[in-house]
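Student: show me the folded form of this:
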Amino acid sequence: MYVGVTTQVAIAEPAEIAYERAYEEHWSDVFRFALAWTNDWAAAEDLAQEAYVRLWNHRAHLDWERPVLPWLLVTTRRLATDRFRALRRRLLPVSNPATFDTNVQARWLDVCTAMAGLSPLERTALVMTAVEGATYEEAARVLWTSAGALRAAVSRARTKLETA
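Tutor: Numbering: from 1, shown residues only. As a prediction, this is how the structure comes out:
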């Protein structure tokens with residue numbers, strides 16, 4: 001026993017406990033989703049971290065009885081969209097390095113152009129089902145829509161990409 005020593009016990013708020021649980025359960029899902037959107041490891045980490053910062057800032061206002069993963073994925077998608085807009089504004093014409101395969105660059109630009117022609121729902125539905133491997137039902141729950149609407153969005157996206 002120590003004389004003259006006081007102890008303090010920190011009691012976590014329920015929202016803070018729910019936040020910790022959301023971090024432990026969904027970090028890898030949010031990171032993979034961001035990686036699928038950016039195709040850049042560091043940018044995906046930044047987006048996932050920013051999504052969790054926003055979750056922390058909104059923790060007192062969220063209904064923790066509802067699943068938090070949809071909120072995180074929508075926030076991540078919005079952050080990625082903002083990032084792409086900012087990058088587009090800052091991009092300047094860059095000369096091609098001599099070692100870069102121009103055929104690969106042309107195909108990549110074709111993919112970017114084709115994906116830009118998709119609506120946000122079509123792009124998200126396609127990434128979640130084709131890249132992430134989510135079922136239509138899982139993706140529909142995350143995006144707060146029906147599985148039928150999601151199937152239609154994926155079908156429209158594939159048709160647009162095939163004709164692009």
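
Student: from E50, how far off is N57?
Tutor: 10 Å (CB to CB, to the nearest Å). In this view, the C-beta of every residue, glycine as well, is placed from N, C-alpha and C.

Student: so which of the two has more stuff around it?
Tutor: Set side by side, N57 and E50 show more neighbours around E50, with 17 against 9, by other CB atoms under 10 Å.

Student: any idea which element the more buried one lies in?
Tutor: helix 41-57 (DSSP states H and E).

Student: so what touches that helix?
Tutor: 19, 22-23, 27, 30-32, 34-35, 37-38, 62, 68, 71-72, 75-76, 79-80, 83 (CB atoms under 8 Å, 6 or more residues apart in numbering).

Student: any of those buried? List them.
Tutor: Neighbour counting by 16 or more other CB atoms under 10 Å classes 19, 22, 30-31, 34-35, 37-38, 68, 71-72, 75-76, 79-80, 83 among the contacts of helix 41-57 as buried.

Student: still on that earlier bit, in helices, which of the contacts of helix 41-57 fall?
Tutor: Among these, the residues falling in helices (DSSP state H) are 19, 22-23, 27, 30-32, 34-35, 37-38, 71-72, 75-76, 79-80, 83.

Student: does R59 count as helix, strand or coil?
Tutor: coil (DSSP: H, G, I helix; E, B strand; the rest coil).

Student: helix or strand: which one has the closest residue to S119 other than its chain neighbours?
Tutor: Excluding its sequence neighbours, the residue lying closest to S119 (CB to CB, 6 or more residues apart in numbering) is A153, at 7.6 Å. Assigned by DSSP H and E, A153 falls within helix 147-163.
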